[in-house]
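Let's see this in three dimensions:
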Amino acid sequence: MARELNQLASDLKKDPETSFCMANIPNLYLDIHNACVMHKMRTYIILVEGPRHRHCSYSRKMWKLGVTVRQLYFIMSQKCHGVLSDREGVGVHNL
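Residues are numbered from 1 along each chain as shown. Below you'll find the model as predicted:
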């Protein structure tokens, strides 16, 4: 998921539709083994969900990036606190 987010953020920087919105947002390089990543992800979520320009808030691509970063942040925060089991972390459920 971290690789997908890195790629999505990179693509949005290059996309003519969203490059203006992403101009003030730093590049995203997530390394889930880095201890500082939770703070970095929290900051990135704030920047993506509260863009400087109003029309950027309505971009579906920007919204998708924000939701995906928030999902990874939630998964990692729960995993770090030991709330999720291995099955819940990978999305396997009993039938």
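
Please make it C-alpha for all contacts and neighbour counts, starting now.
Fine.

Helices of this protein, start to end?
Applying DSSP state H to the chain gives helices spanning 2-14, 19-22, 37-49, 60-80, 86-90.

Can you tell me how far Met41 is from Pro16?
Met41 sits at a distance of 24 Å from Pro16 (criterion: Cα to Cα, to the nearest Å).

Look at these two and report which has more neighbours.
Remark: of Met41 and Pro16, Met41 carries more neighbours, 18 against 10, as counted by other Cα atoms under 10 Å.

Report the contact partners of that one.
Listed by Cα atoms under 8 Å, 6 or more residues apart in numbering, the contact set of Met41 reads Val69, Arg70, Tyr73.

how many neighbours does the last one have?
I take that to be Tyr73. Around Tyr73 there are 19 other residues, counting by other Cα under 10 Å.

just Glu17 next, same as before
Neighbour count of Glu17, defined by other Cα under 10 Å: 13.

Please shift the residue numbers so they start at 13 in all later answers.
OK, 13 is where the count begins now, so the last one is Glu29.

Tell me the backbone dihedrals of it, please.
Phi and psi for Glu29, reported as degrees, to the nearest 10, are phi -70, psi -30.
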